[in-house]
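Chemist: requesting a structural model of the entry that follows:
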Amino acid sequence: MEPRISLITLGVADLERATRFYADCLGLPRLETPPSITFFELGKIWLALWPRESLAADAGLAPEGSGFRGFALAHNVRSPAEVDALLAQVAAYGATVTKPGQPTDWGGYSGYFTDLDGFLWELAHNPGFPHL
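Modeler: Numbering: from 1, shown residues only. The predicted structure follows:
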């Protein structure tokens with residue numbers, strides 16, 4: 001396997017609602033797609049939103065399940081103020097801020113939110129992270 005991730009697919013409860021959140025609130029660039037799935041281009045990685053039942057069926061799994069999923073998606077920004085602004089923005093669109101922005105023990109600043117389907121995101125300012 002080559003050292004890269006090509007696509008991250010999130011199984012969502014309501015495709016139209018999730019698409020609006022990622023396009024309108026987060027401002028991700030949406031690609032033209034069939035009505036059953038939504039793709040966003042994030043540089044060399046694509047983010048896909050697909051109905052939870054469809055993703056589970058494709059993987060041969062049951063769609064039930066909730067709680068902490070054992071991973072977080074992360075987005076690094078240029079300043080602590082940007083972390084706080086984005087947390088306020090996602091909250092205004094209905095996301096849940098699970099941890100307000102605060103200084104970290106690694107010299108940065110971060111906070112967490114869950115999107116409308118419960119996927120955990122970290123918003124972080126890491127002065128040592130090279131990719132913005």
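
Chemist: pLDDT of the helix ranked longest in the chain, averaged?
Modeler: Of all the segments of type helix in the chain, defined by DSSP state H, the longest one is helix 80-92. For helix 80-92, the mean pLDDT works out to 97.

Chemist: which positions in the helix or strand following it come out as buried?
Modeler: Following the chain from helix 80-92 toward its C-terminal end, the next helix or strand by DSSP states H and E is strand 96-103. Residues of strand 96-103 classed as buried: Gly101 (neighbour count, 16 or more other CB atoms under 10 Å). Yep, even glycine has a C-beta here, placed from its N, CA and C like the rest.

Chemist: pull the very next helix or strand once past strand 96-103 out as CSV, backbone CA atoms only.
Modeler: Proceeding N to C from strand 96-103, the next assigned helix or strand is strand 109-114, under DSSP H and E. Once non-C-alpha atoms are left out, strand 109-114 reads as follows in CSV (Å, rounded to 0.1, in the frame of the first residue of the first chain):
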residue,chain,number,x,y,z
TYR,A,109,-4.4,25.8,20.9
SER,A,110,-7.3,23.6,20.0
GLY,A,111,-11.0,22.8,20.5
TYR,A,112,-13.4,20.0,19.3
PHE,A,113,-16.8,19.8,17.9
THR,A,114,-19.1,17.0,16.6
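
Chemist: check the offset of strand 109-114 from the chain's centre.
Modeler: The offset between the C-alpha centroid of strand 109-114 and the centroid of the whole chain comes to 11 Å, using CA atoms, centre = their mean, to the nearest Å.

Chemist: next, the angle from that strand to helix 80-92.
Modeler: 10 degrees (axes from the mean of the first three to the mean of the last three CA atoms, to 10 degrees).

Chemist: so what secondary structure elements neighbour the one helix or strand in the chain whose mean pLDDT sits lowest?
Modeler: Across the helices and strands of the chain, mean confidence by mean pLDDT, DSSP states H and E is lowest for helix 52-59: a mean of 85. Based on contacts counted as 3 or more CB pairs under 8 Å, 6 or more residues apart in numbering; DSSP states H and E, the elements that helix 52-59 packs against are strand 7-12.

Chemist: so what touches the strand it packs on?
Modeler: The set of residues external to strand 7-12 that reach it, using CB atoms under 8 Å, 6 or more residues apart in numbering, is 18, 45-56, 63, 73, 115-117, 119.
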